[in-house]
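# got a sequence here, can you model it:
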Amino acid sequence: MLNFIYYPVSFILWCWHWVFGHVFGESSGFAWALSVVFLVFTLRAILFKPFVGQVRSMRKMQEFAPELQKIKKKYANDKQRQAQEMQKLQSEHGVNPLGGCLPMLVQIPVFIGLFHVLRSFKPGWGEVYFFDAQGVESFVNAKLFGANLSTFITMPWDDPNQPSLTDFGTERSAVLYVAIPLMIIASIATHFTARHSVARQTQAATDNPQTAIMNKLTLYIFPLGVLVGGLFFPIAILLYWLSNNAWTLGQQYVVYHRIDREEEAKKVEATAQRSALAPKPGVKPVTKPKPGQKPQPQRKPAGAQPAADDAAEVKATPDVSESTSTAKPSTEVPGLSPDRSPGKKQGNKKRR
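Numbers count the residues shown, from 1 in each chain. The predicted structure is shown next:
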């Protein structure tokens, strides 16, 4: 039913085994272990661009998280209106919640497909998807430090109804020596990956009760699940889990620092633009004249030296003090208008 998942997964595994089989040998445990690791790296490289989009989407959602909280409180009794307003807000900011979940959703069928393919490698079986009978036999005989990659800690010793340690010719002690370190390292890697992701969240996001619950799950429950699930997972699945978390941790470091540098460069550019457009100290901002209005002359700051044109204009202007000194003395009497002299005033009195 899920052959559309099993065939691509088995094909990528077959390609990497063909590469490492020429280096270490076809039945080498290192060749098969590296094939599983590079299967993970190939799939995660394909999902690198969606992961970057996921990080950018999370950043944008953290920026308008307070607005989302206001919508939830405002339409707490109307879930349909609440969903519409939240969707409208997300579309305005260019955020697609489903796009941010794409890398995580794709990894689930990949994990299921790899688990099924590896569990299909059993002694005496024929073809398994892209692997022929010889390839299956090569995987069955391959051992990593004495343990087969399909074996797990709780596998029965001898059971005719299902694969057992006796069928693979593997001792339980060898499985313990390989599986336990992988379980512990994979659990620690899961914890640090979650911690690195939670550390990038804003204070508004961490104050959200739902986000706080998810953070606790990813920080403690998921690593504990890897540690407990390691008792039932084949060694190859533990390799898959470890390499997947190692890739995620390195990818988060690279992508987060890259986005931080981009945001810092945008802030520096915005600051430079504001400083370039801002008026200089002591200079009055120039306002654009309206249509049909003459531009107002710009006032010079106090203490500024006159330009060459201004100096020439000052030189060409006659001195007011000199002109007034050569003028005739005025005969006007204070308090009287120029056209009314004292003589006229007396004559008017005599007539009366």
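# neighbours of L114, how many?
Using other CB atoms under 10 Å, L114 has 24 neighbouring residues. Any C-beta I mention is one placed from the backbone N, CA and C, and that applies to glycine too.
# wait, it sits on S35?
No. Taking CB atoms under 8 Å as the definition, L114 is not a contact partner of S35, at 10.9 Å.
# list the buried ones in stretch 39-49?
L39, V40, L43, R44, L47 (16 or more other CB atoms under 10 Å).
# just to check, the third one is in contact with I12?
Yes. Counting by CB under 8 Å, I12 is a contact partner of L43 at 7.3 Å.
# F24 contacts S35, doesn't it?
No. Contact criterion CB under 8 Å: F24 and S35 do not qualify, at 10.1 Å.
# pLDDT of the longest helix seen in the chain, averaged?
Counting by DSSP state H, the longest helix found in the chain is helix 235-277. Here helix 235-277 scores 84 as its mean pLDDT.
# so what does that helix touch, helix or strand wise?
For helix 235-277, the elements it packs on are helix 29-46, helix 48-63, helix 102-120, helix 172-198, judged by 3 or more CB pairs under 8 Å, 6 or more residues apart in numbering; DSSP states H and E.
# next, the angle helix 102-120 makes with it.
Going by axes from the mean of the first three to the mean of the last three CA atoms, to 10 degrees, helix 235-277 is angled at 170 degrees with respect to helix 102-120.
# next one: helix 235-277 to chain centre, how far?
Relative to the chain's own centre, helix 235-277 is displaced by 6 Å; criterion: CA atoms, centre = their mean, to the nearest Å.
# which SSE is G126 in?
Assigned by DSSP states H and E, G126 belongs to neither a helix nor a strand.
# residues contacting the closest residue to it other than its chain neighbours?
Leaving out its chain neighbours, the residue that sits closest to G126 by CB to CB, 6 or more residues apart in numbering is A133, at 4.8 Å. A133 is in contact with W125, G126, E127, counting by CB atoms under 8 Å, 6 or more residues apart in numbering.
# give me phi/psi at A133?
phi -60, psi -40 (degrees, to the nearest 10).
# where does the prediction get shaky in the stretch 101-250 of the chain?
101-104, 200-211 (pLDDT under 70).
# just checking, L39 touches W16?
Yes. Between L39 and W16 there is a contact under CB under 8 Å: 6.0 Å.
# dump the host helix or strand of Y6 to CSV, keeping only the CA atoms.
Here Y6, judged by DSSP H and E, is contained in helix 3-24. Extracted in CSV, the C-alpha atoms of helix 3-24 (Å, rounded to 0.1, in the frame of the first residue of the first chain):
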residue,chain,number,x,y,z
ASN,A,3,5.1,1.2,-2.1
PHE,A,4,5.4,4.9,-3.3
ILE,A,5,7.4,5.4,-0.1
TYR,A,6,9.2,2.1,0.2
TYR,A,7,10.7,2.2,-3.3
PRO,A,8,12.2,5.7,-3.2
VAL,A,9,13.7,5.0,0.3
SER,A,10,15.1,1.6,-0.8
PHE,A,11,16.5,3.2,-4.0
ILE,A,12,18.5,5.9,-2.2
LEU,A,13,19.8,3.3,0.3
TRP,A,14,20.8,1.0,-2.6
CYS,A,15,22.7,3.9,-4.3
TRP,A,16,24.7,4.7,-1.2
HIS,A,17,25.4,1.1,-0.6
TRP,A,18,26.7,0.7,-4.1
VAL,A,19,29.1,3.6,-3.4
PHE,A,20,30.4,2.5,0.0
GLY,A,21,30.3,-1.2,-0.9
HIS,A,22,33.1,-0.5,-3.4
VAL,A,23,35.1,1.1,-0.6
PHE,A,24,34.6,-1.1,2.4
